[in-house]
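**Q** Predicted model and sequence below, questions to follow.
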Amino acid sequence: MNTSKQVPHWRVVAASVCGTSHVKNKQLCQDAHHWQILPDSVLVTAVADGAGSASLGKVGAMVATETAVENISLKEVTRQTLTDDEAVRSILLDAIIAARKAVEEEAVACEQQPSDLASTLIITVAAPEIVAVAQIGDGAAVAKDTQENLVALTLPDSGEYINETVFLTSPGALDAAQLRVWRQAIVNVGVLTDGLQMLAMNMAVGAPHKPFFSPLFEFAANADDKTVAKEQLVRFLRSDRITQRTDDDLTLVIAALGH
């Protein structure tokens with residue numbers, strides 16, 4: 001008889017797709033995402049949206065997301081590590097600093113200014129009893145607890161003016177970072193770039209839009225075949241339902257915790 005406790009495990013479905021305006025103008029998708037499941041049921045994700053005004057925004061977004069996730073995974077973070085708020089904040093800030101440094105080094109290698117590789121960045125670290133987020137710029141991170149409550153962990157930071165945001169390479173980016181540690185038994189995490197925020201968030205009250213997230217979280221929980229699930233998510237993001245309401249690049253990472 002097997003009496004060992006079942007370890008909760010994450011199912012993750014993620015995609016970045018090119019917005020219809022970029023397709024029309026034959027531009028690359030400026031969004032990027034990266035994620036990794038560490039031992040001990042710790043999930044690390046990063047999403048980034050390259051600035052439309054940045055000639056190498058896509059490169060900046062890719063470098064930022066990959067570096068952030070790698071920086072955390074190399075630390076061998078466990079659920080025990082995450083019991084200390086200060087340790088959690090320090091892990092997230094270190095990842096932001098590493099991502100920024102990597103983007104600056106990439107700019108030098110490409111003989112460009114860091115601002116040419118400008119992007120937003122959202123990093124999440126989640127385990128069965130905690131989710132922590134660091135965010136620079138717009139986009140949002142959302143979680144669902146075991147009581148079916150949806151919470152916005154961060155809200156889009158769109159600066160003082162519409163369409164203005166802080167980027168990872170902006171001066172004062174670290175000071176502008178939103179950091180949130182939420183200790184609750186959780187079942188889902190969702191992270192998105194700003195292309196989806198008007199559909200996914202009720203901006204007036206700063207709350208996640210339940211009809212958007214509930215079916216997606218259900219979908220992630222039942223995603224047995226990763227390849228098929230990703231194709232289905234890409235199809236959803238390219239559907240008329242979405243593209244009639246936004247022409248921006250779209251990134252969505254959805255994760256469900258199960259046994």
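**A** The structure has been received and is ready for your questions.

**Q** I figured Asp40 was touching Thr78, is that so?
**A** Yes - between Asp40 and Thr78 a contact is recorded at 4.5 Å, counting by CB atoms under 8 Å. Quick note: C-beta positions are derived from backbone N, CA and C, even for glycine.

**Q** Go ahead and confirm Leu199 touches Gln244.
**A** No - using CB under 8 Å, Leu199 is not in contact with Gln244; the gap is 10.3 Å.

**Q** Tell me which of the two has more neighbours.
**A** Leu199 (15 against 9; other CB atoms under 10 Å).

**Q** The more buried one and Arg11: what is the separation?
**A** Relative to Arg11, Leu199 is positioned 23 Å away (CB to CB, to the nearest Å).

**Q** again with Arg183
**A** In terms of CB to CB, Arg183 sits 22 Å off from Arg11.

**Q** try His33
**A** 16 Å.

**Q** Mind checking which of these two has more residues around it?
**A** His33 (24 against 20).

**Q** how about the helix or strand where that one lies: buried residues?
**A** Element membership of His33, judged by DSSP states H and E, is strand 31-38. Buried positions in strand 31-38, judged by neighbour count with 16 or more other CB atoms under 10 Å: 31-35, 37-38.

**Q** Beta-bridge partners for Thr124, please?
**A** Beta-bridge partners for Thr124, by DSSP bridges, are Thr45, Val133.

**Q** what ranges do the strands span in the protein?
**A** Applying DSSP state E to the chain gives strands spanning 9-17, 31-38, 42-49, 121-127, 130-136, 140-145, 150-152, 178-182, 186-192, 201-202, 207-208, 250-258.

**Q** weakest of those by average pLDDT?
**A** Ranked by mean pLDDT, these end with strand 201-202 in last place, scoring a mean of 92.

**Q** what packs against it?
**A** Counting by 3 or more CB pairs under 8 Å, 6 or more residues apart in numbering; DSSP states H and E, the packing neighbours recorded for strand 201-202 are strand 207-208.

**Q** by contact count, what packs against the lengthiest helix in the chain?
**A** Assignment by DSSP state H gives helix 85-109 as the longest helix of the chain. Counting contacts by 3+ CB pairs under 8 Å, 6+ apart, helix 85-109 is packed against helix 57-73, strand 121-127, strand 130-136, helix 173-176, strand 178-182.

**Q** one more time with 6 Å
**A** Where contact means 3 or more CB pairs under 6 Å, 6 or more residues apart in numbering; DSSP states H and E, helix 85-109 is packed against helix 57-73, strand 130-136, strand 178-182.

**Q** The shortest one: partners in the sheet, and parallel or antiparallel?
**A** Here strand 178-182 has these sheet partners by DSSP bridges: strand 130-136 (antiparallel).

**Q** and the strand it pairs with with helix 57-73, angle?
**A** Interaxial angle of strand 130-136 relative to helix 57-73 (axes from the mean of the first three to the mean of the last three CA atoms, to 10 degrees): 150 degrees.

**Q** and strand 130-136 with strand 140-145, angle?
**A** Strand 130-136 runs at 170 degrees relative to strand 140-145, counting by the same axes, to 10 degrees.

**Q** what's in contact with strand 130-136?
**A** 82, 88, 92, 96, 120-125, 141, 143, 153-154, 166, 168, 173, 177-183, 186, 189 (CB atoms under 6 Å, 6 or more residues apart in numbering).

**Q** what does stretch 143-151 give?
**A** 131, 153, 184-189, 208, 210.
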